[in-house]
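A.B. asks: Please work out how this folds:
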Amino acid sequence: MPDTPIQFTGSILDQLETKVAAEAAHLLPIVHAIGDHGVGFLVIPQRATGLHRGIKLLQRPFIVMVGDDTDCALGPDQYDSKALDRLIGMADGVAIISCAPPPEAYSSIALMAMAQRNGLIIETRPEQEIAWTNHVQAVCPELPILLCTVKGPRQ
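C.D. replies: I've put the predicted structure just below:
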């Protein structure tokens, strides 16, 4: 496999935009950042390996999406810690999302990338929200975090 980034252009990008608009509209700002502004994009699923190559090929500015929100969230300890810490250190801002996807969070990260800043989105579940927040703060204490959480009960 060549060491060149994959470019989403033309009909592939149009198909992606159509699919996202129909099934995950909150991701449209990210698709537009990729297509209209050449933003790099990387998705890291649970238990991903070989991330150093993906990070090396990642175009700047970038958006990285960590997917820890399947039926069971695993938390940061189940990811390649060196690669994860490197990405956190490269990010200019992070959104940790443990609730239904708020479009404003995805728009905020997309706007950061369009302004030449690197953005990180961590999609998780409520049971791992604190672990992710603590991990990000331990790696980069000054990194701005947009925390999107479930609404607590009224007291």
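
A.B. asks: just the strands in this protein please.
C.D. replies: 40-45, 62-67, 93-97, 119-123, 145-148 (DSSP state E).

A.B. asks: where in this protein is pLDDT low?
C.D. replies: For the chain, applying pLDDT under 70 flags the ranges 1-10.

A.B. asks: Going by contacts, tell me the helices and strands next to the longest helix anywhere in it.
C.D. replies: Taking DSSP state H as the criterion, the chain has its longest helix at helix 10-23. Judged by 3 or more CB pairs under 8 Å, 6 or more residues apart in numbering; DSSP states H and E, helix 10-23 is in contact with helix 28-37. All C-beta spots, glycine's among them, are computed from the backbone N, C-alpha and C.

A.B. asks: Would you mark the buried spots in the helix it packs on?
C.D. replies: For helix 28-37, a neighbour-count test (16 or more other CB atoms under 10 Å) marks 28, 29, 30, 31, 32, 33, 34, 35 as buried.

A.B. asks: could you redo these as JSON lines and give each row distance to residue 66?
C.D. replies: Below are the buried residues of helix 28-37 laid out as JSON lines (distance: CB to CB, whole Å):
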{"residue": "28", "distance to residue 66": "20"}
{"residue": "29", "distance to residue 66": "18"}
{"residue": "30", "distance to residue 66": "14"}
{"residue": "31", "distance to residue 66": "18"}
{"residue": "32", "distance to residue 66": "21"}
{"residue": "33", "distance to residue 66": "17"}
{"residue": "34", "distance to residue 66": "17"}
{"residue": "35", "distance to residue 66": "22"}
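
A.B. asks: Thank you kindly, that will do.
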